[in-house]
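Chemist: Have a look at this prediction, sequence included:
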Amino acid sequence: MGIYQQALLAHHQKPIGFERDIQATGKLDGHNAACGDDITVQIKVADSVIIQSAFSGESCAICRASASIMCQQLEQLSIAGYHLLSSQLMASLNGEQDFSETFLPLSSIANYPIRLQCALLPWQTLDKLLLAHQELN
Amino acid sequence: MSLWQQDFAVFSLHPELKYFDSAATCLMPKVVADAMHYYQCFEHANSHKGLYPLSANATKTVEKSREKVADFIGASIGASNAQEIIFTASTTQAINQVAQGYVKQQINALAIKDRVANVIVSEAEHHANLLPWQILSQETGVELRIAPITLSGTVDLKALSLLLDKNSVLVAINHVSNVLGTVNPIAEICQLAHKKSVPVLVDGAQAVGHIKVEVEKLSCDFYVFSAHKMYGPTGIGILFAKQVYLEQMQPLIVGGGIVTKTSFTEHYLLPAPLRFEAGSHNVAAIVGLSTAIDYLTAIPLAKRQNYLQQLSSYLIKEMSHLSFIKPLLAFEQLTTASIFSFVVDGVHSHDVASCLADDNIAVRAGHHCAQPLHRKLTIATSIRVSLGLYNSHADIDKLIISLRKVQQLLTIT
Ligand SMILES: Cc1ncc(COP(=O)(O)O)c(C=O)c1O
């Protein structure tokens, strides 16, 4: 099975949250040295709930699709809910559990360990952003 | 069909493989692997030490290989100049040896006279020929000067001559660029540098085994390369240095096998080359290198070069028909180099490489250990196709078909 499945390519072609204009309360750049991916993640948080999210930057299709799925899921999600979701993705990519419907487009990446980092970058960037956000508030 | 593909056993296991990453490492002919295996099974011993025949034979193997290398790169005729050939682990290690063992002294000698030395490299160096100088710069304050490249991808000689002055202690430059595939005019560079009494180190990692290399004719002072980029194994590289420099250079790595006499407080080093080869020799790898030279010299150089030039002309012609391919050097500047780097318009290099991998095509994607060069060209990464003796026109046809597919699949519509 190739890495570029239709479902992944659909997110790559029409990414959700890409260059979306939002009233961000936080913003962070993420970089993947191995791939040269650059991504900026923005969120609007109020009362520990992610109201809006967006991403931008030059990245590979895998990073872009993963960021798109992330933005798709974030709307009105509590920060605790985000962490749960993110840990589910990690567990699936590490082969510890099956991919849920949400993450199915990323399932092929589990077979390409060298590209895992591309899929993880948006999530790791948001992790850091939320950490900084929490420290601030 | 390549005349030589059958010499590479990997294709019997992976007949579908289209290998376009020879600039990273060449595939290994079976005869090379067999020679190493034979050595490991039947001849393995520690060279230069034992008094029994097995060890004496290993010593002879190493020293014969040294002479073979010397002849292969035009360092000498006969045994005596083989003393200018040092076995290292790699190109990388050889450059570090020259930086720390020779150039550092020169910098310090100038510093005593209150002069700030400079080392000159080009914009198109592999990190292996950049980081050792950056470290020296951090350690000693030596000025690192960067010679620009021209639109044709070779070093700008005029600019280089302006950078050279009485405080220059070394020009360190690639013979063939691992990204652009261009061949620097080494003889002219040496002439320029020597006029100012500055020695020249040539990083020949992408040159030896692919183009004619005659270090004596080029008149370079140091020449370094790795066996694995000329169909030999990893773990062995060569540092050629002129005798005068060998006499001044200190070994970077010290230990067994390099002294005439040692007490608890002092030691007396053997002369070159052994003083630079501390520890046990990697004899199996040396056997591999020696057999790779035999393999290559059995095919006339002109025949190998013609074949690869034909292939690369074909590659470049076919690529130039694809409007979405953006070469790092303009197509009209590309000659017949067997290294070709490009980007696919609108598609990330890693996506291109991953997609090609699904079609059994091996290319390199990234900055190819030449990040500053990519920055200068205002791109983050590129895709590199590099050719070897096993490649054929059919491989290139497959590559072109797959590239079209990749572009259709991944370009954002
Ligand atoms: C031009 C150039 N210099 C140096 C090196 C480093 O060679 P090695 O990894 O064998 O030390 C390479 C290998 O990629 C190269 O292409």
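Modeler: Perfect, thanks for sending it.
Chemist: quick one: low-confidence parts of the chain?
Modeler: Answering for chain A, as no chain was given. The model of chain A has pLDDT under 70 over residues A:1, A:137.
Chemist: try again with chain B
Modeler: Within chain B, the stretches with pLDDT under 70 are B:77-80.
Chemist: how about the nearest residue to B:Ala337, chain neighbours excluded?
Modeler: B:Gly181 (2.9 Å; CB to CB, 6 or more residues apart in numbering or on different chains). All C-beta spots, glycine's among them, are computed from the backbone N, C-alpha and C.
Chemist: Correct me if wrong: the one you found contacts B:Gln333.
Modeler: No - in this structure B:Gly181 lies outside contact range of B:Gln333 using CB atoms under 8 Å: 10.6 Å.
Chemist: the more surrounded of these two?
Modeler: With neighbours defined as other CB atoms under 10 Å in any protein chain shown, B:Gly181 and B:Gln333 compare such that B:Gly181 has more, 26 against 15.
Chemist: how much space between that one and chain A?
Modeler: 21 Å (CB to the nearest CB, to the nearest Å).
Chemist: Can you pull the phi/psi pair for that residue?
Modeler: phi 70, psi 10 (degrees, to the nearest 10).
Chemist: and it, what does it touch?
Modeler: Applying CB atoms under 8 Å, 6 or more residues apart in numbering or on different chains to B:Gly181 gives the contacts B:Gly153, B:Gln206, B:Leu334, B:Ala337, B:Ser338, B:Ile339, B:Phe340, B:Ser341, B:Ser386.
Chemist: just checking, the second one is part of a strand?
Modeler: No - assignment of B:Gln206 by DSSP: H, G, I helix; E, B strand; the rest coil gives coil, placing it outside any strand.
Chemist: How about it, nearest residue that isn't a chain neighbour?
Modeler: B:Val176 is the one closest to B:Gln206 (CB to CB, 6+ apart), at 3.9 Å.
Chemist: pretty sure the one you found is in contact with B:Pro185, am I right?
Modeler: No - the criterion here is CB under 8 Å, and B:Val176 misses it with B:Pro185 at 11.7 Å.
Chemist: Those two: who's more crowded?
Modeler: Remark: of B:Val176 and B:Pro185, B:Val176 carries more neighbours, 25 against 14, as counted by other CB under 10 Å.
Chemist: For that one, list the residues it contacts.
Modeler: B:Thr182, B:Val183, B:Asn184, B:Gly204, B:Gln206, B:Ala207, B:His210, B:Ile211, B:Ala337, B:Ile339.
Chemist: Among those residues, give me the pair with the biggest separation.
Modeler: Farthest-apart pair in the contacts of B:Val176 is B:Gly204 and B:Ala337; separation 14.9 Å (CB to CB).
Chemist: Settle it for me: which of those two has more neighbours?
Modeler: B:Gly204 (30 against 25).
Chemist: Just read off the phi/psi values of that one.
Modeler: Dihedral angles (degrees, to the nearest 10) for B:Gly204: phi -100, psi 20.
Chemist: In contact with it, which residues are there?
Modeler: By CB under 8 Å, 6+ apart, B:Gly204 lies in contact with B:Ile73, B:Thr91, B:Asn174, B:His175, B:Val176, B:Val213, B:Tyr223, B:Val224, B:Phe225.
Chemist: now do A:Gln73
Modeler: By CB under 8 Å, 6+ apart, A:Gln73 lies in contact with A:Tyr82, A:Leu85, A:Thr102.
Chemist: where's the second one, which helix or strand?
Modeler: Using DSSP states H and E, A:Leu85 maps to helix A:79-93.
Chemist: Spell out which parts of the stretch 301-413 of chain B neighbour chain A.
Modeler: Counting by CB under 8 Å from any CB of the partner chain, the residues of the stretch 301-413 of chain B close to chain A are B:347-351, B:354-355, B:358, B:366-367, B:380-381, B:409-410, B:412-413.
Chemist: Could you do chain B as well?
Modeler: Counting by CB under 8 Å from any CB, chain B sits next to chain A at B:347-351, B:354-355, B:358, B:366-367, B:380-381, B:409-410, B:412-413.
Chemist: dump the residue contacts of B:Lys18.
Modeler: By CB under 8 Å, 6+ apart, the contact set of B:Lys18 is B:Asp359, B:Asn360, B:Ile361, B:Ala362, B:Asn391, B:Asp395, B:Lys398, B:Leu399.
Chemist: ugh, typo on my part, it should be B:Tyr52
Modeler: So B:Tyr52 contacts B:Ala45 (CB under 8 Å, 6+ apart).
Chemist: and the residue in the stretch 251-400 of chain B positioned nearest to the ligand, how far is that from B:Lys217?
Modeler: Nearest residue of the stretch 251-400 of chain B to the ligand (CB to the nearest ligand atom) works out as B:Cys369 at 5.8 Å. B:Cys369 sits 29 Å away from B:Lys217, going by CB to CB, to the nearest Å.
Chemist: Comparing those two, which residue is more hemmed in?
Modeler: B:Cys369 (17 against 12).
Chemist: nearest residue to that one other than its sequence neighbours?
Modeler: Counting by CB to CB, 6+ apart, B:His127 is the residue found nearest to B:Cys369 once chain neighbours are left out, at 4.4 Å.
Chemist: Around the one you found, count how many other residues there are.
Modeler: Other residues near B:His127 number 16, with proximity taken as other CB under 10 Å.
Chemist: I'd say it and B:Gln371 touch.
Modeler: Yes - contact criterion CB under 8 Å: B:His127 and B:Gln371 qualify, at 7.2 Å.
Chemist: can you give me the strands for chain A?
Modeler: Ranges of strands in chain A, per DSSP state E, are A:26-32, A:37-46, A:49-56, A:77-78.
Chemist: List the pairing partners of the shortest one within its sheet, with orientation.
Modeler: Using DSSP bridges, the neighbouring strands of strand A:77-78 in the sheet come out as strand A:49-56 (antiparallel).
Chemist: wait, B:Thr336 sits on B:Tyr314?
Modeler: No - between B:Thr336 and B:Tyr314 there is no contact under CB under 8 Å: 10.1 Å.
Chemist: Next up, the contacts around whichever residue of chain A sits closest to the ligand.
Modeler: Using CB to the nearest ligand atom, A:Ala34 is the residue of chain A that sits closest to the ligand, at 16.5 Å. Shown in contact with A:Ala34 (CB under 8 Å, 6+ apart): A:Ile114, A:Gln117, B:Gly366.
Chemist: how near is it to A:Ala67?
Modeler: According to CB to CB, A:Ala34 and A:Ala67 sit 17 Å apart.
Chemist: Repeat that for B:Gln106.
Modeler: For B:Gln106, the distance to A:Ala67 equals 51 Å [CB to CB].
Chemist: ok, which of the contacts of B:Gly181 also contact the ligand?
Modeler: B:Gln206 (CB under 6 Å from any ligand atom).
Chemist: Among the contacts of B:Gly181, which one lies nearest to chain A?
Modeler: B:Ser341 (14.2 Å; CB to the nearest CB).
Chemist: So the closest one belongs to a strand, correct?
Modeler: Yes - counting by three-state DSSP, B:Ser341 is part of a strand.
Chemist: mind listing what it touches?
Modeler: Contacts of B:Ser341 by CB under 8 Å, 6+ apart are B:Val179, B:Leu180, B:Gly181, B:Pro327, B:Leu328, B:His368, B:Ser382, B:Ile383, B:Arg384, B:Val385.
Chemist: give me that answer again for 7 Å
Modeler: Residues near B:Ser341 by CB atoms under 7 Å, 6 or more residues apart in numbering or on different chains: B:Val179, B:Leu180, B:Leu328, B:Ser382, B:Ile383, B:Arg384.
Chemist: which of those sit farthest apart?
Modeler: Greatest spatial distance among the contacts of B:Ser341 (CB to CB): B:Leu180 and B:Ile383, at 13.4 Å.
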